[in-house]
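Asks: No letters, just coordinates:
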């Protein structure tokens, strides 16, 4: 098997809101979209994200009405402090301010308009 790319699909109520959030705050570009669907990626090859509106018939019946929950989308970055200041200035909802973990991770959590949680991680020496 040869994998040519990777994507995660998340079900949300407002596809355009999550798509706009990723484009505005994390530099993603919407590559494809239709009613109830958006596929976003970055030129640097980071993982693609797909948003699907809850209730779409293309979703398996048992998942059709579920909202993406319990999932954290993580991005490893170089300068967490700078990103924290930028996101705060842009009015992004920061749900966990920067903190250091004993295993060498510095992180912060933000949330998009649909409640999707994004973790920004910077590896540091513990």
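Replies: Thanks, I have it. Since the structure is predicted, the reported quantities are computational estimates derived from the model, not experimental observations.

Asks: Show me the strands paired with the helix or strand containing residue 39, marking each as parallel or antiparallel.
Replies: Using DSSP states H and E, residue 39 sits in strand 37-41. Here strand 37-41 has these sheet partners by DSSP bridges: strand 29-34 (antiparallel), strand 48-53 (antiparallel).

Asks: Touching the first one from outside, list them.
Replies: Contacts of strand 29-34 from elsewhere in the structure, counted by Cβ atoms under 8 Å, 6 or more residues apart in numbering, are 15, 19, 23, 38, 39, 40, 41, 42, 43, 48. Any C-beta I mention is one placed from the backbone N, CA and C, and that applies to glycine too.

Asks: now do stretch 68-80
Replies: 8, 10-12, 26, 46, 49, 83, 98, 106-109, 114-123.

Asks: Just to be sure, which of these are found in helices?
Replies: 26, 83 (DSSP state H).

Asks: Return a PyMOL selection command for the buried portion of the contacts of stretch 68-80.
Replies: To isolate the buried members of those in PyMOL, using 16 or more other Cβ atoms under 10 Å:
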select buried, resi 10+11+12+26+49+83+106+107+108+109+114+116+117+118+119+120+122
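
Asks: taking the contacts of stretch 68-80 one by one, which sit in strands?
Replies: 8, 10-12, 49, 98, 106-109, 117-123 (DSSP state E).

Asks: Now the nearest residue to residue 119 once chain neighbours are set aside: phi and psi?
Replies: Distances taken as Cβ to Cβ, 6 or more residues apart in numbering put residue 74 closest to residue 119, at 4.3 Å, once the chain neighbours are dropped. Here is the backbone geometry of residue 74 (degrees, to the nearest 10): phi -110, psi 140.
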